[in-house]
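[1] the sequence and its predicted three-dimensional model are supplied below.
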Amino acid sequence: LRRPTAEPDLTGRKVVVSAGGTREFLDPVRYLGNRSSGRQGYALAKTAAARGATVTLVAANTALPDPAGVDVVRVVSTNDLRDAVFAAATDADAVVMAAAPADFRPADYVGTKIKKTDDTSAPTVTLVQNPDILAGLVRSRTGAGPVIVGFAAETGDSTGTVLDHGRAKLARKGCDLLVVNDVSGGKAFESAENAAVILAADGSVTEFPHGPKEALADAIWDLVVPRLFH
Ligand code: CTP
Ligand code: CA
């Protein structure tokens, strides 16, 4: 599934990739987080650089080596991620949101460690919604704006299949491409391999049955390239 030769088809292009999972701190030692390792985003950054792009990788809490020749910006929370992605996206040709931003954050941050009391009571954590970065990028896009790619980790449930949820999300987000991963039973997390279906706003569907995250990254760039603004 690897591309036989690396075409420099992103030469002169600027791309932004987000990776990893955000953390929303409750107090100085505790946070709400998620299982994203950042591997798919790192694979996207690495393959874009190999294809000639100038790459900014916005990395949220990842423990992976910096890809060679890539500008890495480190962030913690979804608000940080939004600021960094929007700053890098101003003159970008493509933005790929491979990160898993927390949808919610604690309404209040307590500056000192929350203590346990002797009784059996427990605190209630009130959450508020974080900004939707992908939807914000689509809303703020102008005519020559970047190609925008989202990811969706879905499980099938009583209301629809993985693909049903993917199609609905693509329509809701308004991005150009949506990479849909089936994460039933924890598939995809921490793994070097991935399976996905890539849905395009024009209705086309590209299946990526199973393979290394770098091969999926190349398949995604193959779909981004013809959609770039010339
Ligand atoms: N995303 C984002 N900002 C958020 C949440 C998600 O930019 N606050 C992006 C992700 O990086 C991903 C896409 O939106 O590219 C879809 O993320 P997902 O969590 O599947 O979508 P949600 O709209 O948050 O829906 P759900 O309720 O299924 O979590
Ligand atoms: Ca979400």
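    Ah, there it is. Residues are numbered from 1 along each chain as shown. Ligands and ions are numbered 1, 2, ... in the order given.

[2] center of the protein - which residue?
    Centroid-nearest residue in the chain, with Cα atoms, centre = their mean: A98, separated by 1.8 Å.

[3] was I right about that residue contacting S37?
    No. The pair A98 and S37 does not pass the contact test of Cβ atoms under 8 Å, sitting 10.8 Å apart. (C-beta placed from N, C-alpha, C; glycine too.)

[4] ligand 1 contacts on the protein?
    When proximity is defined by Cβ under 6 Å from any ligand atom, the chain lies next to ligand 1 at 78, 97, 99, 101, 103, 130, 132-134, 150-153.

[5] all helices of the protein, in order?
    According to DSSP state H, the chain carries its helices in the segments 39-50, 78-89, 133-139, 162-173, 213-224.

[6] buried residues, the last one. List them.
    By neighbour count, and taking 16 or more other Cβ atoms under 10 Å as the criterion, the buried residues in helix 213-224 are K213, E214, A215, L216, A217, D218, A219, I220, W221, L223, V224.

[7] between those residues, which is closest to ligand 1?
    Taking Cβ to the nearest ligand atom as the measure, I220 is the one of the buried residues of helix 213-224 closest to ligand 1, at 11.8 Å.

[8] what sits against the closest one?
    Taking Cβ atoms under 8 Å, 6 or more residues apart in numbering as the definition of contact, the neighbours of I220 are L44, V96, V149, L177, V179, I198.

[9] where does the prediction get shaky in the protein?
    Across the chain, residues meeting the criterion (pLDDT under 70) sit at 1-6, 185-190.

[10] the strands in the protein, which residues?
    14-20, 24-27, 30-32, 54-60, 71-75, 94-97, 104-106, 127-129, 147-154, 177-182, 193-200, 205-212 (DSSP state E).

[11] out of those, which is closest to H165?
    Across these, the minimum distance to H165, taken as Cβ to Cβ, is reached by strand 147-154, at 4.4 Å.
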